[in-house]
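Colleague: how would this look folded up:
(2 chains)
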Protein chains: 2
Amino acid sequence: MEGQRLAQQVKFIIEIDKLKQIHRQTYLTDASRHENSVEHSWHLAIMCMLLLEHANHPDLDLGRVIRMVLVHDIVEIDAGDTFIYDDAGNGSKAEREQAAADRLFSILPADQGNMLRDLWEEFESAQTPEARFANSLDRFQPMLHNIVTHGKSWQEHGIRKSQVVAKNQVMETGSNRLWDYISTSLSDAVSKGHLLD
Amino acid sequence: MEGQRLAQQVKFIIEIDKLKQIHRQTYLTDASRHENSVEHSWHLAIMCMLLLEHANHPDLDLGRVIRMVLVHDIVEIDAGDTFIYDDAGNGSKAEREQAAADRLFSILPADQGNMLRDLWEEFESAQTPEARFANSLDRFQPMLHNIVTHGKSWQEHGIRKSQVVAKNQVMETGSNRLWDYISTSLSDAVSKGHLLD
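Modeller: Predicted coordinates:
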């Protein structure tokens, strides 16, 4: 019984290695290649630790925010990464990700599958203070990479500042402070010609 | 003042993006390429969540174990990854990593730099139950990848089972259960010709 439980856990741990091969539109900060969803998730987890003080809500459960960002992209193993500015892809995203969650989390013992699914659903629903802050970081990080790479991904996709604001201003619900920081940086990117006005 | 603090945090967040380009000897489970230290760190963090019940110590602080594995390789940005079977490299590892910690953690506001340095030093010292379990997972994960890839990295470096045992049996101080599991898998790898006896 204990052996079977560990076997299920190991099977899942091997399965999620595939997330290292799911590529995002975001470039590394040296613009040498796209990053993958595991790299993005790790980066968010460190950001949770360092930027917690900028959350709107004064008393977040840091441990839950970290666990949430660590698991929030696992469904992309089956569903793929959906670019935030791809409206067609975002239309079918929820259905694809639900099917992925059904398959992937059922590899685990039921209690642990439910634990990860709850974290993922909390992140997706973005209703709790923890989920709102996690979602804010999930938007902050790719914008930061765009700013550092002089708008490389924005320019490749012909993205305008108005689109960036429309898709990301929701960050304010998790952190006014981080939105203010990015908002100033977006104006700066426009003035430097890295982002279309 | 608050602006300066956030500027330091963002500078560090951008700096640690370099860890995504530090490659390890471990292959992804499909053997298509080596993994990097960020991918390894994320994988360990998820393993903390799922394998905690197999720790020797019954009452670990899961949050601290997760934070520890998330930051444990950041010093490799300057010091590089040192292969566990590279005895010469391991001789100079501590000095290289101390210098890396001095430079990297000082980018942050002092309180946060100290927080990350404390986590890293706790991991390296391997004296607390949390650090012992974190170190056990740090050994378990690459052996698991070797087993899944039919000993690809072991074979490339001509590693024998006795070397694997000598370097990794310390895992027992964090988790007897996981060491038993791996120990059986090592014998199995030998019988299949994936690991030299």
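
Colleague: do the longest strand anywhere in chain A and chain B meet at all?
Modeller: For chain A, the longest strand by residue count, based on DSSP state E, is strand A:23-27. No: using CB under 8 Å from any CB of the partner chain, we find that strand A:23-27 stays clear of chain B, coming within 9.9 Å at best. All C-beta atoms are positioned from the backbone trio N, CA, C, and that covers glycine.

Colleague: what's next to that strand, contact-wise?
Modeller: Outside strand A:23-27, the residues within contact range by CB atoms under 8 Å, 6 or more residues apart in numbering or on different chains are A:33-37, A:40, A:81, A:83, A:141-142, A:145-146, A:149, A:152-153, A:156-157.

Colleague: and it, how far from the chain's centre?
Modeller: A distance of 11 Å separates the centroid of the chain from that of strand A:23-27, by CA atoms, centre = their mean, to the nearest Å.

Colleague: how close does A:Asp61 get to chain B?
Modeller: 9 Å (CB to the nearest CB, to the nearest Å).

Colleague: Around that residue, count how many other residues there are.
Modeller: By other CB atoms under 10 Å in any protein chain shown, the residues close to A:Asp61 number 14.

Colleague: Got the confidence number for it?
Modeller: A:Asp61 is assigned 98 on the pLDDT scale.

Colleague: same thing with A:Gly89?
Modeller: On the pLDDT scale, A:Gly89 gets 85.

Colleague: Quick check, it in contact with A:Thr82.
Modeller: Yes: in this structure A:Gly89 lies within contact range of A:Thr82 using CB atoms under 8 Å: 4.4 Å.

Colleague: ok, those two, which is more surrounded?
Modeller: Applying other CB under 10 Å to A:Gly89 and A:Thr82 shows that A:Thr82 carries more neighbours, namely 19 against 15.

Colleague: Could you look up the SS state of that one?
Modeller: Classification of A:Thr82 by DSSP: H, G, I helix; E, B strand; the rest coil places it in coil.

Colleague: Would you agree it is in contact with A:Ala88?
Modeller: No: at 9.5 Å, A:Thr82 does not count as touching A:Ala88 under the criterion of CB under 8 Å.

Colleague: Are any of the contacts of strand A:23-27 buried, and if so which?
Modeller: A:35-37, A:40, A:81, A:83, A:141-142, A:145-146, A:149, A:152-153 (16 or more other CB atoms under 10 Å in any protein chain shown).

Colleague: and the most centrally placed residue in chain A, what is it in contact with?
Modeller: Here the mean C-alpha position of chain A is nearest to the C-alpha of A:Asp138 (CA atoms, centre = their mean), at a distance of 3.9 Å. By CB under 8 Å, 6+ apart, the residues touching A:Asp138 are A:Leu44, A:Val69, A:His72.

Colleague: quick one: A:Glu76 from chain B, how far?
Modeller: A:Glu76 is 13 Å from chain B, by CB to the nearest CB.

Colleague: Apart from its chain neighbours, what residue comes closest to that residue?
Modeller: Spatial nearest neighbour of A:Glu76, excluding adjacent residues (CB to CB, 6 or more residues apart in numbering or on different chains): A:Ile22 at 4.8 Å.

Colleague: just A:Ser136 next, same as before
Modeller: A:Gly174 (3.1 Å).
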